[in-house]
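In: this is a predicted model, with the sequence first.
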Amino acid sequence: MERTLVVFKPDAVKRAIVGEILTRFERAGLKIVGQKMLRPDYDHYYHHYEKIGKMVSRRGEKAFSVTLEMMQQGPVIAVVLEGIEAVSLVRKMVGTTEPKEALPGTIRGDYAHMSFSHADKEGVGVPNLIHASGDLEEANSEIAHWFSESELFDYDTVHETHTQVKRPK
(Lines give C-alpha, C1' and ligand atoms only; values in the text may rest on other atoms or scores of the structure.)
Protein backbone atom coordinates (compact mmCIF):
# COMPACT_ATOMS: atom_id res chain seq x y z
CA MET A 1 0.00 0.00 0.00
CA GLU A 2 1.15 3.51 -0.76
CA ARG A 3 0.67 6.59 1.34
CA THR A 4 0.41 10.13 0.03
CA LEU A 5 0.02 13.60 1.48
CA VAL A 6 -2.88 15.90 0.67
CA VAL A 7 -2.97 19.43 2.07
CA PHE A 8 -6.26 21.27 1.88
CA LYS A 9 -5.12 24.83 1.26
CA PRO A 10 -6.62 27.89 2.97
CA ASP A 11 -9.02 28.49 0.06
CA ALA A 12 -10.54 25.00 0.48
CA VAL A 13 -10.84 25.46 4.25
CA LYS A 14 -12.40 28.93 3.93
CA ARG A 15 -14.88 27.71 1.30
CA ALA A 16 -15.99 24.90 3.66
CA ILE A 17 -15.60 22.15 1.04
CA VAL A 18 -12.96 20.00 2.74
CA GLY A 19 -15.45 17.34 3.86
CA GLU A 20 -17.02 17.09 0.44
CA ILE A 21 -13.63 16.65 -1.23
CA LEU A 22 -12.33 14.24 1.41
CA THR A 23 -15.40 12.09 0.84
CA ARG A 24 -14.42 11.74 -2.82
CA PHE A 25 -11.08 10.23 -1.79
CA GLU A 26 -12.74 7.82 0.63
CA ARG A 27 -15.30 6.75 -1.97
CA ALA A 28 -12.45 5.92 -4.34
CA GLY A 29 -11.15 3.43 -1.76
CA LEU A 30 -8.48 5.54 -0.05
CA LYS A 31 -8.17 5.34 3.72
CA ILE A 32 -7.38 8.27 6.03
CA VAL A 33 -4.42 7.26 8.20
CA GLY A 34 -3.55 10.74 9.52
CA GLN A 35 -5.29 14.10 9.65
CA LYS A 36 -4.83 17.44 11.42
CA MET A 37 -5.58 21.14 11.11
CA LEU A 38 -2.68 23.49 11.57
CA ARG A 39 -1.28 26.86 10.59
CA PRO A 40 2.34 26.27 9.59
CA ASP A 41 4.89 29.06 9.64
CA TYR A 42 7.07 30.29 6.78
CA ASP A 43 9.91 27.89 7.60
CA HIS A 44 7.59 24.88 7.47
CA TYR A 45 6.27 25.91 4.04
CA TYR A 46 9.76 26.78 2.82
CA HIS A 47 10.92 23.27 3.65
CA HIS A 48 7.84 21.75 2.01
CA TYR A 49 7.84 23.76 -1.22
CA GLU A 50 11.57 24.29 -1.77
CA LYS A 51 13.60 21.70 0.15
CA ILE A 52 11.28 18.85 -0.86
CA GLY A 53 9.38 20.21 -3.89
CA LYS A 54 12.15 22.30 -5.49
CA MET A 55 9.56 24.90 -6.50
CA VAL A 56 11.99 27.74 -7.17
CA SER A 57 13.90 25.74 -9.77
CA ARG A 58 10.69 24.37 -11.32
CA ARG A 59 8.45 27.47 -11.33
CA GLY A 60 10.62 30.42 -10.30
CA GLU A 61 11.05 32.69 -7.30
CA LYS A 62 7.90 34.75 -7.96
CA ALA A 63 5.62 31.69 -8.07
CA PHE A 64 7.30 30.40 -4.92
CA SER A 65 6.77 33.72 -3.06
CA VAL A 66 3.09 34.12 -3.97
CA THR A 67 2.44 30.47 -3.08
CA LEU A 68 3.98 30.85 0.37
CA GLU A 69 2.05 34.08 0.91
CA MET A 70 -1.21 32.39 -0.11
CA MET A 71 -0.58 29.35 2.08
CA GLN A 72 -0.19 31.59 5.14
CA GLN A 73 -3.63 33.18 4.68
CA GLY A 74 -5.33 30.72 6.99
CA PRO A 75 -5.21 27.24 8.46
CA VAL A 76 -4.76 24.12 6.36
CA ILE A 77 -5.82 20.53 6.85
CA ALA A 78 -3.13 17.95 6.23
CA VAL A 79 -4.22 14.40 5.46
CA VAL A 80 -2.33 11.19 4.80
CA LEU A 81 -4.23 8.82 2.54
CA GLU A 82 -3.40 5.16 1.99
CA GLY A 83 -4.36 2.82 -0.80
CA ILE A 84 -3.31 1.00 -3.92
CA GLU A 85 -1.16 3.36 -6.01
CA ALA A 86 -2.44 6.19 -3.80
CA VAL A 87 -0.06 8.84 -5.17
CA SER A 88 -1.11 8.50 -8.80
CA LEU A 89 -4.78 7.98 -7.91
CA VAL A 90 -4.89 11.20 -5.88
CA ARG A 91 -3.06 13.14 -8.60
CA LYS A 92 -5.58 11.90 -11.18
CA MET A 93 -8.53 12.82 -8.95
CA VAL A 94 -7.14 16.29 -8.13
CA GLY A 95 -6.45 17.31 -11.74
CA THR A 96 -3.80 19.57 -13.22
CA THR A 97 -2.22 22.31 -11.10
CA GLU A 98 -3.79 25.10 -13.16
CA PRO A 99 -7.52 24.96 -12.37
CA LYS A 100 -8.50 26.48 -15.74
CA GLU A 101 -6.97 23.45 -17.48
CA ALA A 102 -8.29 20.82 -15.05
CA LEU A 103 -10.83 18.48 -16.58
CA PRO A 104 -14.44 18.32 -15.37
CA GLY A 105 -14.79 15.50 -12.88
CA THR A 106 -11.47 16.30 -11.21
CA ILE A 107 -11.49 18.18 -7.93
CA ARG A 108 -9.88 21.29 -9.42
CA GLY A 109 -12.03 21.01 -12.54
CA ASP A 110 -15.19 20.91 -10.42
CA TYR A 111 -14.34 23.45 -7.71
CA ALA A 112 -11.80 25.93 -9.12
CA HIS A 113 -11.27 27.87 -12.34
CA MET A 114 -8.49 30.47 -12.13
CA SER A 115 -5.72 30.53 -14.73
CA PHE A 116 -2.02 31.12 -14.08
CA SER A 117 -2.15 34.22 -16.31
CA HIS A 118 -4.94 35.79 -14.26
CA ALA A 119 -3.16 35.01 -10.99
CA ASP A 120 0.07 36.47 -12.38
CA LYS A 121 -1.73 39.62 -13.52
CA GLU A 122 -3.22 40.04 -10.02
CA GLY A 123 0.03 39.09 -8.28
CA VAL A 124 -1.58 36.28 -6.29
CA GLY A 125 -1.16 32.56 -5.89
CA VAL A 126 -3.58 30.31 -7.74
CA PRO A 127 -6.35 29.14 -5.40
CA ASN A 128 -6.32 25.51 -6.49
CA LEU A 129 -7.63 23.99 -3.25
CA ILE A 130 -5.19 21.15 -2.66
CA HIS A 131 -1.57 20.17 -2.61
CA ALA A 132 -1.01 16.53 -3.55
CA SER A 133 2.33 14.72 -3.55
CA GLY A 134 3.84 14.40 -7.01
CA ASP A 135 5.46 10.99 -6.71
CA LEU A 136 6.15 8.30 -4.10
CA GLU A 137 9.53 9.69 -3.04
CA GLU A 138 8.04 13.17 -2.57
CA ALA A 139 5.06 11.66 -0.69
CA ASN A 140 7.35 9.88 1.77
CA SER A 141 9.40 13.05 2.39
CA GLU A 142 6.31 15.23 2.76
CA ILE A 143 4.56 12.84 5.12
CA ALA A 144 7.66 12.74 7.34
CA HIS A 145 7.75 16.55 7.28
CA TRP A 146 4.08 17.04 8.20
CA PHE A 147 3.44 14.05 10.52
CA SER A 148 5.25 12.14 13.24
CA GLU A 149 4.98 8.35 13.24
CA SER A 150 2.68 8.55 16.29
CA GLU A 151 0.20 10.63 14.27
CA LEU A 152 -0.25 7.92 11.63
CA PHE A 153 -2.55 4.96 12.19
CA ASP A 154 -2.77 1.42 10.88
CA TYR A 155 -6.24 -0.12 10.99
CA ASP A 156 -8.62 -2.11 8.82
CA THR A 157 -11.82 -0.74 7.33
CA VAL A 158 -14.85 -2.78 6.33
CA HIS A 159 -14.39 -1.55 2.76
CA GLU A 160 -10.84 -2.79 2.16
CA THR A 161 -12.05 -6.22 1.07
CA HIS A 162 -13.92 -4.57 -1.79
CA THR A 163 -11.61 -1.69 -2.74
CA GLN A 164 -8.23 -3.39 -2.28
CA VAL A 165 -9.10 -7.00 -3.05
CA LYS A 166 -7.93 -8.13 0.37
CA ARG A 167 -9.00 -11.53 1.54
CA PRO A 168 -11.04 -11.49 4.76
CA LYS A 169 -9.09 -12.58 7.82
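Out: Received it, and whenever you're ready, just let me know what you need.

In: how about the helix or strand of the chain with the lowest mean pLDDT: buried residues?
Out: Ranking every helix and strand in the chain by mean pLDDT, DSSP states H and E puts helix 160-163 at the bottom, with a mean of 75. Using 16 or more other C-beta atoms under 10 Å as the test for burial, helix 160-163 gives Glu160, Thr163. In short, each C-beta sits where N, CA and C put it, glycine included.

In: please apply the same query to stretch 121-132.
Out: For stretch 121-132, a neighbour-count test (16+ other C-beta under 10 Å) marks Gly125, Val126, Pro127, Asn128, Leu129, Ile130, His131, Ala132 as buried.

In: per-residue pLDDT, the third one?
Out: If you check Pro127, the pLDDT there is 89.

In: again, but for Val87
Out: At Val87, the pLDDT value in this model is 98.

In: what's the answer for the one 10 residues further on, then?
Out: With respect to pLDDT, Thr97 has a value of 89.

In: quick check: phi and psi at it.
Out: When read as degrees, to the nearest 10, the backbone of Thr97 gives phi -60, psi -40.

In: quick one, what contacts it?
Out: By C-beta atoms under 8 Å, 6 or more residues apart in numbering, the contact list for Thr97 reads Arg108, Val126, Asn128.

In: any chance you could map the helices in the chain?
Out: Per DSSP state H, the chain carries helices over the ranges 10-14, 18-27, 42-46, 55-59, 61-71, 86-94, 107-111, 116-122, 136-146, 160-163.

In: which stretch among those comes nearest Val79?
Out: Val79 lies closest to helix 18-27 among the helices of the chain, at 6.8 Å (C-beta to C-beta).

In: that closest one: which residues count as buried?
Out: Residues of helix 18-27 classed as buried: Val18, Ile21, Leu22, Phe25 (neighbour count, 16+ other C-beta under 10 Å).

In: check contacts around the first one.
Out: Right, the one you point to is Val18. For Val18, counting by C-beta under 8 Å, 6+ apart, the contacting residues are Phe8, Ala12, Ile77.

In: wouldn't the last one be in contact with Pro10 here?
Out: If I follow you right, that is Ile77. No - judged on C-beta atoms under 8 Å, Ile77 makes no contact with Pro10 at a distance of 9.8 Å.
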